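Peer 1: Next comes the sequence, and after it the predicted model I'd like to discuss.
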Amino acid sequence: MLTSILVLLLFGCLSGVTTVLFGFGGGFVTVPVVAAVTSRGDAMHVAVATSTAVMIVNAVSATVLQARAGRLRRDYLWPLAAFVAVGALAGSAAASFAGDGLLRVLFVVYLAVTIVDSLARGGFLHPPGEPRPLNKLTTTAGGVGIGAVASFLGVGGSVLTVPLLRRKGLPMADATAMANPLSVPVAVVATAVYATAGSGATGYLDPVAAAALLAGSLPAIALARKVADRLPDRVHAVAYVALLAAALIAVAVS
C-alpha cells in the first residue's frame, strides 16, 4: 500500500507538470498509473473516474495561473466549452456501461491515432501561421465530440483541443494553456456521473488514489508554470507527442 502511495505521489508530480506544459489535466499520466496500482477488478473504470476527479483540481489550478499570465482567449473558449460539457455527459454515461477491456483497447487506439495524426498531418509540429477563428461546425459538433471522447476515456480533451487550436495557428504555449479551462467541464460532468456509478460508496472513484495524486500535482503546477514560457515552440510540440507515446506504451504493457 505504501509503495502504491509513493508511486501515485511521484506520478502526481508528473501530472502537475503535464497539466501546465501540455494541458493534459493529468489524464494521460493518471489513467495508466491508477490502472496499474489499483486492486479492483474494474481497474480501467476506476482509473478513468479517478483521473477526472483529479483533473478538476489540476485544470482549475492551471487555468487560474494561465489567466494571470494572459494566455486565455475568450473567442476560442466560448461557446466551445458549453458544447464540450454536453458531449461529456454522453461520453461518461456511455463509459459506465462499457467493459473494462474495451476501455483499455480504445484508450490505446485513441493515443495511437492521435500520435500518427500529429506526425503525419501538417500543422502541428511546424511553427503555426496566423491564428484563425473556429468555425460554427467545429464549435458545435466538434465540441460535443471532444467532450464525449474525453469523458469516455478520462483524458480531459486536451489531446483533441491542443491539435485543433494548434492547427488554427496558435503557438503551443497558448494552445496548451486553453486546454485547461476546456478540460474543466469534461472533468466536472464526468466525475459527477462516475461518482454515482459502480458498486462502491464513491462509485468508481478511488479517493485515496486521488488524494495522493493531488498531493504531488498541486506543488508541481506552481513550479512548472515558471518554465512553461521558456520552451521553444517546436520542442514543446515534439515533447507533447513524445508524452502521448509514453502513455500509450504504459497502458499497452500494464
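Peer 2: Structure received.
Peer 1: Using the three-state scheme, assign residue 170.
Peer 2: coil (DSSP: H, G, I helix; E, B strand; the rest coil).
Peer 1: Which helix or strand contains the closest residue to residue 71 other than its chain neighbours?
Peer 2: Distances taken as CB to CB, 6 or more residues apart in numbering put residue 177 closest to residue 71, at 3.8 Å, once the chain neighbours are dropped. C-beta: built from backbone N, CA, C; applies to glycine. Taking DSSP states H and E as the definition, residue 177 sits inside helix 172-195.
Peer 1: same for that helix, what does it pack against?
Peer 2: helix 2-22, helix 43-68, helix 74-77, helix 80-97, helix 143-153, helix 158-167, helix 233-253 (3 or more CB pairs under 8 Å, 6 or more residues apart in numbering; DSSP states H and E).
Peer 1: Between those helices, which one is closest to residue 116.
Peer 2: Closest approach to residue 116 among these (CB to CB): helix 233-253, 9.9 Å.
Peer 1: gap between that closest one and the chain center?
Peer 2: 13 Å (CA atoms, centre = their mean, to the nearest Å).
Peer 1: Just the C-alphas of that helix, formatted as CSV.
Peer 2: What follows is helix 233-253, C-alpha atoms only, in CSV (Å, rounded to 0.1, in the frame of the first residue of the first chain):
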residue,chain,number,x,y,z
ASP,A,233,7.6,26.1,-29.9
ARG,A,234,8.9,23.1,-31.9
VAL,A,235,10.4,21.5,-28.8
HIS,A,236,7.1,22.0,-27.0
ALA,A,237,5.2,20.3,-29.9
VAL,A,238,7.7,17.3,-30.1
ALA,A,239,7.6,16.8,-26.3
TYR,A,240,3.8,16.7,-26.5
VAL,A,241,3.8,13.8,-29.0
ALA,A,242,6.6,12.0,-27.0
LEU,A,243,4.5,12.1,-23.8
LEU,A,244,1.5,10.7,-25.7
ALA,A,245,3.7,7.8,-26.9
ALA,A,246,4.9,7.2,-23.4
ALA,A,247,1.3,7.0,-22.1
LEU,A,248,0.4,4.6,-24.9
ILE,A,249,3.2,2.2,-24.0
ALA,A,250,2.4,2.4,-20.3
VAL,A,251,-1.3,1.4,-20.9
ALA,A,252,-0.4,-1.2,-23.5
VAL,A,253,2.0,-3.1,-21.3
